[in-house]
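Engineer: Sequence first, then the predicted structure, then my questions.
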Amino acid sequence: MTSEPERRRQPRFKVSVPVQLSSGEHVFRGVLKDLCRDAALVAIKDSLDMGRAVSLILQLPGTGGPLQIGGKVFRVAAGEPGMLEVAILFDHVTSAAETRIDFFIALQAG
């Protein structure tokens, strides 16, 4: 059995933070499972289509107010019972957002 090579450009960090995910008029509450500068993995109860544009609102403890980042769904997989894990690749992350993500990861790792 061979493992799939890591495709992420940035290292990921496992977390458990409540998030809000929206797509069009639909709003989903979920849990952020892992995070890096260019992507996130979110557990939700509802399914989203591959390639769907989404907006992720993160309240990262210790980093100030809510952070909103847009992206696209690039993977949907079964998660814990009754949940789906939705991988989101971010679009156009600002340097300020990258700094806040890096700071949050540093707080968690410390």
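Structural biologist: It's in.
Engineer: does the residue nearest to the spatial centre of the chain have beta-bridge partners, and which?
Structural biologist: With distances taken as Cα atoms, centre = their mean, residue 40 lies nearest the centre of the chain, 2.3 Å away. Judged by DSSP bridges, the bridge partners of residue 40 are residue 35, residue 88.
Engineer: Was I right to think it contacts residue 32?
Structural biologist: Yes: counting by Cβ atoms under 8 Å, residue 40 touches residue 32, with 6.0 Å between them. Backbone N, C-alpha and C define where each C-beta goes, glycine included.
Engineer: between those two, what contacts are shared?
Structural biologist: Both residue 40 and residue 32 are contacted by 19, 58, under the criterion Cβ atoms under 8 Å, 6 or more residues apart in numbering.
Engineer: list the contacts for residue 104?
Structural biologist: Residue 104 makes contacts with 15, 35, 60-63, as judged by Cβ under 8 Å, 6+ apart.
Engineer: And the furthest pair within the residues you listed?
Structural biologist: 35 and 62 (13.6 Å; Cβ to Cβ).
Engineer: Of those two, give the one with the bigger neighbour count.
Structural biologist: residue 35 (24 against 10; other Cβ atoms under 10 Å).
Engineer: Okay, that one and residue 24: tell me how far apart.
Structural biologist: 24 Å (Cβ to Cβ, to the nearest Å).
Engineer: repeat for residue 91
Structural biologist: Per Cβ to Cβ, residue 91 is found 16 Å from residue 24.
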